[in-house]
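Peer 1: coordinates for the following, if possible.
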Amino acid sequence: MKILYILLGALFFITACEKNDLDQIPPLDAEANSLTSYGEVLDAAYYYQQASTTPLAIMGDFRADNMLMDEEPFPAFDRFNADLAGGDLVGQFFRPFYSNLYKSILSANNVIENSTDDKQKAEAKFLRALSYFKLVKVFGDVTVNLLAAPSTSDKNILVRKPAMEVYNTVIIPDFQEAIEGLDNSEIASGRASEIAARGMLAKVYMQMADYTNAETELENVVTEAGSAGVMLQENFADVFNSDLNSEIIFATQLSTSIEDEYDNTDFPGWFSGGDTKSLTPLDDDLIAAFDASPGDLRRDLTINDTLKNSPKYVLGLEQDWIELRFGDVILLYAEALNENGNTSAALEELNKIRTRAGLENSTATSQSEVRQAIADERRLELALEGQRWFDLVRTGTVSEEMGENVNSDYYIFPIPDSEISASDGVIIQNDGY
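Peer 2: Numbering: from 1, shown residues only. Predicted coordinates for the structure are as follows:
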């Protein structure tokens, strides 16, 4: 069964590669029962996150109203039907996303189960939670494995667990334990930190519409940001012209010097029009959104009206994928405050982002007006960072913003058909595909 081979594969052939202190080349090949140090296995859990980044970017922006595909079958991202389950799309996006996150999970399980280093275990909990969070957002119900050496004959491990169960029994507890076991001494190294775990836990609560718990965690992040060296960059462009700057709380590190598991066009190429399947990827709807925000300093970095593409990722293939940054946290905090009835405090947070963008304070007053103002601001602030589609889904505004009645079956994406076949029917495809 292929998924069990995926789950077991990282136990036997573990590739440890990352930039900075994660730069472990050549790869380590070792059987799990021969290991006495699990640092390399933990590095593998970081490494496998790389192959999830471009698929997540495509799902987050090309599925939404920010970017477009030109060449069939890729425009299926803009059609809300079964077309996304086509072979080319699955092979390029969904299969590497799915398989590599399970490799990261298995590597993390191995560290959690076998390492005697509490910090390593906490980092592994962070990465396992992050992996399952990505999987649930994309596929809904998912297969759960929390063992370093799952049985290769027990098909029950393949049964998909309800998304809410995965949130409550895996993702939330793992992030909570990561918070307890981590500190903020290595934020600039690209490794997991306490503030990153807290911020990601807050994003989980926001995805679940649990605004009470989200507000608590987000307030903690905002409060401790200064002491952790986290702050908004003075200029928006500076967030993207250097990796691991003070605004970035956690990023998956990428480099041309690191061979990863994803062998197609990477996200900077898709957004810049560097792939023939989308030479002019910019959606007119995103241009219109910036037109409605005159004087916005983010515009020139985000869109090129003439070439119909984006110059946002100025570092090209050396660009790290931002999983969480402080600008995102502030807007989520504003949203949670507003949903919990504290609209005036929400506006204060919202206006921090608007001020950096060169805009005047928001004129919104009522809770519903502030809700829309925050949604509009998130679109401009986080454009092409893989956030838009998932924001629309969690706020229930897909049909409204996409301008058509979208069946909720298509809020999530198709399970790779290879995993369904290999499971002998234990894994069931999502409705609609």
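
Peer 1: shaky segments in the chain?
Peer 2: Residue ranges of the chain with pLDDT under 70: 1-36.

Peer 1: look at the residue nearest the centre of it and give its secondary structure.
Peer 2: Nearest to the mean C-alpha position of the chain, counting by CA atoms, centre = their mean, stands Glu323 at 5.3 Å. Applying DSSP: H, G, I helix; E, B strand; the rest coil to Glu323 yields a three-state assignment of strand.

Peer 1: same check on Thr265?
Peer 2: Classification of Thr265 using three-state DSSP returns coil.

Peer 1: ok, the residue nearest to the centre of the chain to Asn342 distance?
Peer 2: In this structure, Glu323 and Asn342 are 27 Å apart, going by CB to CB, to the nearest Å. The C-beta positions use only the backbone N, C-alpha and C, and glycine is treated the same way.

Peer 1: quick one: residues contacting the residue nearest to the centre of the chain.
Peer 2: With contacts defined as CB atoms under 8 Å, 6 or more residues apart in numbering, the neighbours of Glu323 are 130, 196, 200, 249-252.

Peer 1: most neighbours among the residues you listed, which one?
Peer 2: Per-residue neighbour counts (other CB atoms under 10 Å) across those peak at Leu130, which has 31 neighbours.

Peer 1: which ones among the contacts of Glu323 map onto helices?
Peer 2: By the criterion of DSSP state H, membership of the contacts of Glu323 in helices covers 130, 196, 200.

Peer 1: need the residues you listed in CSV (columns: distance to Val230).
Peer 2: Shown next, in CSV, are the ones in helices among the contacts of Glu323 (distance: CB to CB, whole Å):
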residue, distance to Val230
Leu130, 18
Ala196, 9
Met200, 14
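
Peer 1: tell me the one among the residues you listed nearest to Gln176.
Peer 2: Using CB to CB, Met200 is the member of the ones in helices among the contacts of Glu323 that lies nearest Gln176, at 10.9 Å.

Peer 1: residues contacting that closest one?
Peer 2: Taking CB under 8 Å, 6+ apart as the test, what Met200 contacts is 126, 129-130, 133, 175, 250, 323-324.

Peer 1: and if you look at Ser104?
Peer 2: Contact analysis of Ser104 by CB under 8 Å, 6+ apart lists 10, 44-49, 127-128, 131.

Peer 1: 10 Å instead, please
Peer 2: Contact analysis of Ser104 by CB atoms under 10 Å, 6 or more residues apart in numbering lists 10, 44-52, 124, 127-128, 130-132, 134.

Peer 1: against Leu130, how distant is it?
Peer 2: With distances taken as CB to CB, Ser104 is found 8 Å from Leu130.

Peer 1: overlap in contacts, these two.
Peer 2: Contact criterion CB under 10 Å, 6+ apart; residues bridging Ser104 and Leu130 by contacting each: 45, 49, 52.

Peer 1: count of neighbours near the last one?
Peer 2: If I follow you right, that is Ser52. The number of residues packed near Ser52 is 27, by other CB under 10 Å.

Peer 1: helix or strand right after the helix or strand where it lies?
Peer 2: Using DSSP states H and E, Ser52 sits in helix 50-57. Moving toward the C-terminus from helix 50-57, the first helix or strand encountered (DSSP H and E) is helix 87-89.

Peer 1: got the buried residues for that following helix?
Peer 2: Leu89 (16 or more other CB atoms under 10 Å).

Peer 1: just how off-centre is that helix within its chain?
Peer 2: In terms of CA atoms, centre = their mean, to the nearest Å, the centre of helix 87-89 is set 21 Å apart from its chain centre.

Peer 1: if we look at that helix, which residues are touching it?
Peer 2: By CB under 10 Å, 6+ apart, the surrounding residues in contact with helix 87-89 are 55, 58, 69, 72-74, 76-77, 83, 95, 277, 413-414, 416-418.

Peer 1: so among those residues, which ones count as buried?
Peer 2: If you count burial by 16+ other CB under 10 Å, the buried members of the contacts of helix 87-89 come out as 55, 58, 69, 74, 76-77, 83, 95, 277, 413-414, 416-418.

Peer 1: quick check, nearest of these to Pro268?
Peer 2: Closest approach between those and Pro268, by CB to CB: Ile58, at 12.3 Å.

Peer 1: how near is that closest one to Asp275?
Peer 2: Counting by CB to CB, the gap between Ile58 and Asp275 amounts to 10 Å.

Peer 1: cool, Phe77 as well?
Peer 2: Phe77 sits 13 Å away from Asp275, taking CB to CB as the criterion.

Peer 1: quickly list what's touching both of those two.
Peer 2: Common neighbours of Phe77 and Asp275, counting by CB under 10 Å, 6+ apart, are Met69.

Peer 1: quick one: secondary structure of the residue lying closest to Arg371 once chain neighbours are set aside?
Peer 2: By the measure of CB to CB, 6 or more residues apart in numbering, the closest residue to Arg371 outside its immediate chain neighbours is Asn338, 5.9 Å from it. Three states are possible here, and by three-state DSSP the one that applies to Asn338 is helix.

Peer 1: give the contact list for Asn338.
Peer 2: Residues touching Asn338, when contacts are defined by CB under 10 Å, 6+ apart, comprise 211, 215, 344-347, 349-350, 364, 366-371, 373-374.

Peer 1: alpha carbons of stretch 337-354, as CSV, please.
Peer 2: These are the backbone C-alpha positions of stretch 337-354, laid out as CSV (Å, rounded to 0.1, in the frame of the first residue of the first chain):
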residue,chain,number,x,y,z
LEU,A,337,-11.2,41.4,18.5
ASN,A,338,-13.9,42.5,16.2
GLU,A,339,-15.7,39.1,16.2
ASN,A,340,-15.6,39.2,20.0
GLY,A,341,-17.3,42.7,20.0
ASN,A,342,-14.3,44.9,20.6
THR,A,343,-14.5,46.9,17.4
SER,A,344,-12.6,49.9,18.6
ALA,A,345,-9.6,47.8,19.6
ALA,A,346,-9.9,46.0,16.3
LEU,A,347,-9.6,49.2,14.4
GLU,A,348,-6.4,50.2,16.3
GLU,A,349,-4.8,46.9,15.1
LEU,A,350,-6.1,47.3,11.5
ASN,A,351,-4.8,50.8,11.3
LYS,A,352,-1.2,49.7,12.1
ILE,A,353,-1.2,47.8,8.8
ARG,A,354,-2.9,50.6,6.9
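
Peer 1: shift numbering so it begins at 16
Peer 2: Yep, numbering from 16; the last one is stretch 352-369 now.

Peer 1: which parts of it are buried?
Peer 2: Under the neighbour-count criterion of 16+ other CB under 10 Å, stretch 352-369 has 352-354, 357-358, 360-362, 364-369 buried.

Peer 1: same check, this time on stretch 314-325
Peer 2: The neighbour-count check on stretch 314-325 (16+ other CB under 10 Å) flags 314, 316-319, 323-325 as buried.

Peer 1: please enumerate the strands of the stretch 116-265 of the chain.
Peer 2: With DSSP state E, counting those that start in this stretch as the definition, the stretch 116-265 of the chain shows strands at residue ranges 157-158, 175-176, 263-267.
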